[in-house]
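In: Any chance you can model this:
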Amino acid sequence: MENSRCKAFIECVNCGSIKAAADLMGYTPSAVSQLITAFEKELGLKLFVRTQKGVELTSEGYELVPYVRSYLAREQEIYQFASELRGVTTGKITIATYPSVATTWLPEIVRRFKNDYPGIQFRIMESIREDIFELLDQNEADMGFLAWADPMPYEWIPLTEENIIAAVPQDHPLASASSFHVKECEKHDFILGSWGHELEILNLLEKRKVHPEIKYTTYDTPATLALVRMGLGVSLVNELSAQFWNEDLVKLPLDPPASVTFGIAVNSLEHMTSAAKKFKEYAVAYFAE
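Out: The predicted model follows:
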């Protein structure tokens, strides 16, 4: 199987257009079209349907995507391992992570790593849990930095604990309280991130047998806290994601306390690229300090 055909296939999937894929690959649209046609003949499958807007995957093409991504990832692993043996580390690390991690811990870990391995390129993709899982499933990310919550269908490396706190408006009746009992969530309009699927918070509420009325759902914590600041409700968030938000809202510790474990999720520790394995070691060392 020729990797140029596989790469052309994946770029067309990513771009939805043969012309856009050709521009990224430095090929002509005709050359990319020929690669796709040759790939379809090799596999005996129709992979794309041509439309006026570009190309769309057939059902067979859609099912093939994760396998081709995995094939290309293994190829990259071979080259990175060969670089390791030569003593020259090259390659690319793709990390899917919460926005809060991308703006707090991750830059310092990347800085330390780049000081020792300047040849490595980084791609950092800020996502919510569902998107991180999809990026891992599609082999588009080498690892995901996120909080533990059941289910966790990947191999897991725990890193650190973060408290879960309550965020309430500045003029809220409980703003001057020393803590926030989780049961209070049922008495106020509730705001939940991750489009209403923030599992670490939902699991906590279920464990405490608390069933708030979810009035607003958001993509990520900044939007959640912006709604809290406007007096539209209360929310529970991890302390890391709220650390830069201190105006016009009050952050209270939970009663009883609760926390989440942040860590790294990977499809397979054994099959991580050499560069990704080394970066994992730097992340673990950072939190061991």
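In: what is the rounded mean pLDDT of the lengthiest helix in the chain?
Out: Longest helix in the chain, counting residues (DSSP state H): helix 59-86. The pLDDT scores in helix 59-86 average 82.
In: Now it: buried residues?
Out: Buried residues in helix 59-86, counting neighbours by 16 or more other CB atoms under 10 Å, are found at 61, 64-65, 68-69, 72-73, 77, 80, 83-84. To be clear about C-beta, it is placed using only N, CA and C from the backbone, and glycine gets the same treatment.
In: Contacts for stretch 238-251, please.
Out: 98-101, 103-104, 147, 162-170, 172, 175, 200, 220-222, 225, 228-229, 260, 262 (CB atoms under 8 Å, 6 or more residues apart in numbering).
In: In strands, which of these appear?
Out: Among the contacts of stretch 238-251, the ones falling in strands (DSSP state E) are 147, 162-169, 260, 262.
In: Only whichever of those residues are buried, select them in ChimeraX.
Out: Buried members of those, defined by 16+ other CB under 10 Å, are picked up in ChimeraX with:
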select :147,162,164,165,166,167,168,169,260,262
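In: Mind telling me the two of the ones in strands among the contacts of stretch 238-251 farthest from one another?
Out: By the measure CB to CB, 169 and 262 form the most distant pair in these, at 27.2 Å.
In: residue boundaries of the strands in the stretch 1-150 of the chain?
Out: In the stretch 1-150 of the chain, strands defined by DSSP state E, counting those that start in this stretch lie at 48-50, 55-57, 91-97, 120-126, 143-147, listed in chain order.
In: same question, the stretch 151-289 of the chain
Out: 155-169, 180-181, 190-192, 214-217, 235-238, 249-255, 259-266.
In: and these, which is most packed in?
Out: strand 235-238 (a mean of 26; mean count of other CB atoms under 10 Å).
In: for the record, mean pLDDT for that strand?
Out: For strand 235-238, the mean pLDDT works out to 96.
In: Adjacent strands (with direction) for it?
Out: strand 155-169 (antiparallel) (DSSP bridges).
In: so the helix or strand of the chain with the lowest mean pLDDT versus strand 91-97, what angle?
Out: The least trusted helix or strand in the chain, going by mean pLDDT, DSSP states H and E, turns out to be helix 59-86, with a mean of 82. Computed by axes from the mean of the first three to the mean of the last three CA atoms, to 10 degrees, the angle separating helix 59-86 from strand 91-97 equals 120 degrees.
In: Would you mind giving the domain segments of this structure?
Out: 1-86, 160-260 (automatic domain parsing).
In: Next, format these as CSV and append distance to residue 108.
Out: CSV is the format used below for the domains of the chain (distance: least, CB to CB, whole Å):
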stretch, distance to residue 108
domain 1-86, 23
domain 160-260, 13
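In: Between those domains, which one is closest to residue 128.
Out: Among those, the nearest to residue 128 by CB to CB is domain 160-260 (4.5 Å).
In: Comparing the domains of the chain, which yields the minimum mean pLDDT?
Out: Mean pLDDT per stretch puts domain 1-86 lowest among the domains of the chain, at a mean of 89.
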